[in-house]
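> A predicted structure for the sequence below; I have some questions about it.
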Amino acid sequence: MIVLDIETSGKYTTGYGVWQIGALDYNNGEEFLQEAKIDDEDEIMEEALKITGKTEKELRDKNKQSQKQLIKNFIAWAKKRGEKIIAGHNVWWDFIFLQNKCIKYGLIDEFDNIFGHKVFDLSSIAQFSHKQKFGKFKTENGKNAMNLSSTLEFCGFKDNRKKTINGKVTEGEPHNALEDVKLTEKCFRSLLK
């Protein structure tokens with residue numbers, strides 16, 4: 001299983017750029033972390049800058065590799081994994097974001113051949129565990145409230161990362177794809193034992 005997280009310049013799966021990919025081979029602990037510059041046409045949301053502690057200049061740094069090269073490097077790393085099952089927290093979003101970029105860069109056939117079209121989502125596992133323990137799903141205003149912070153808390157771990165609460169970003173550590181992957185992996189191990 002490959003635990004995956006990406007950091008992007010916005011919250012929608014099109015129109016924004018991926019500037020960081022973090023991954024961890026669940027079976028042997030091998031890590032992948034690389035950054036890229038976003039494309040000139042990619043938009044940037046102010047919230048993304050606040051959560052990651054980055055600036056627009058850093059996301060558009062011409063000295064960094066292209067997004068296409070970043071994704072090619074991730075695909076090459078993933079090819080060497082025994083299990084090529086993508087897993088993560090709310091990972092369908094990361095997966096679709098990468099699929100869209102692969103379509104743009106002509107990498108979709110290689111991406112699909114390695115990963116297929118299914119992912120393993122921590123949020124779903126955490127929700128079912130929550131329902132088993134408390135008799136109900138964790139919701140807020142009728143919506144799924146099992147974000148990574150809630151999952152960490154449910155598993156007994158502390159979350160020191162910046163968060164967005166009612167449109168405001170809290171104090172904390174900036175989001176980093178590999179650190180988020182490591183937190184996700186801890187929760188998977190806790191919930192799957």
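Sure, I can see it.

> Might you list the low-confidence residue ranges for this structure?
167 (pLDDT under 70).

> So which residues of it form helices?
46-52, 56-59, 67-79, 91-105, 108-115, 122-134, 148-155, 177-192 (DSSP state H).

> What are the buried residues along stretch 42-49?
By neighbour count on 16 or more other Cβ atoms under 10 Å, the buried set for stretch 42-49 is 42, 44, 48-49. All C-beta spots, glycine's among them, are computed from the backbone N, C-alpha and C.

> From residue 69, how far out is residue 62?
Separation of residue 62 from residue 69 (Cβ to Cβ, to the nearest Å) stands at 13 Å.

> Sorry, wrong one. I was asking about residue 138.
According to Cβ to Cβ, residue 138 and residue 69 sit 39 Å apart.

> With residue 12 instead?
23 Å.

> thinking again about what came up before, need the helices of the chain in TSV with distance to residue 35, can you?
Formatted as TSV, the helices of the chain follow (distance: least, Cβ to Cβ, whole Å):
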stretch	distance to residue 35
helix 46-52	11
helix 56-59	9
helix 67-79	7
helix 91-105	14
helix 108-115	19
helix 122-134	24
helix 148-155	21
helix 177-192	9
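
> mind checking which of those is nearest residue 20?
Of all the helices of the chain, helix 177-192 sits nearest to residue 20, with 4.5 Å by Cβ to Cβ.

> buried set for that closest one?
177-188, 190-191.

> chain center to it, what's the gap?
Relative to its parent chain, helix 177-192 has a centroid offset of 11 Å by Cα atoms, centre = their mean, to the nearest Å.

> packing partners for it?
strand 2-8, strand 18-25, strand 31-35, strand 86-88, helix 122-134, helix 148-155 (3 or more Cβ pairs under 8 Å, 6 or more residues apart in numbering; DSSP states H and E).

> of all the ones you listed, which lies closest to residue 115?
Nearest to residue 115, of all the helices and strands packed on helix 177-192, is strand 86-88, at 5.5 Å by Cβ to Cβ.

> Adjacent strands (with direction) for the closest one?
Sheet pairing here is set by DSSP bridges, and for strand 86-88 it gives strand 2-8 (parallel), strand 119-121 (parallel).

> So which residues make contact with that strand?
The contact list for strand 86-88 (Cβ atoms under 8 Å, 6 or more residues apart in numbering) reads 1-5, 26, 94-95, 115, 119-122, 181, 184, 188.

> run the last query once more with 10 Å
Contact with strand 86-88 is made by 1-6, 22-24, 26, 78, 92, 94-95, 98, 114-116, 118-123, 125, 148, 177, 180-181, 184-185, 188, as judged by Cβ atoms under 10 Å, 6 or more residues apart in numbering.
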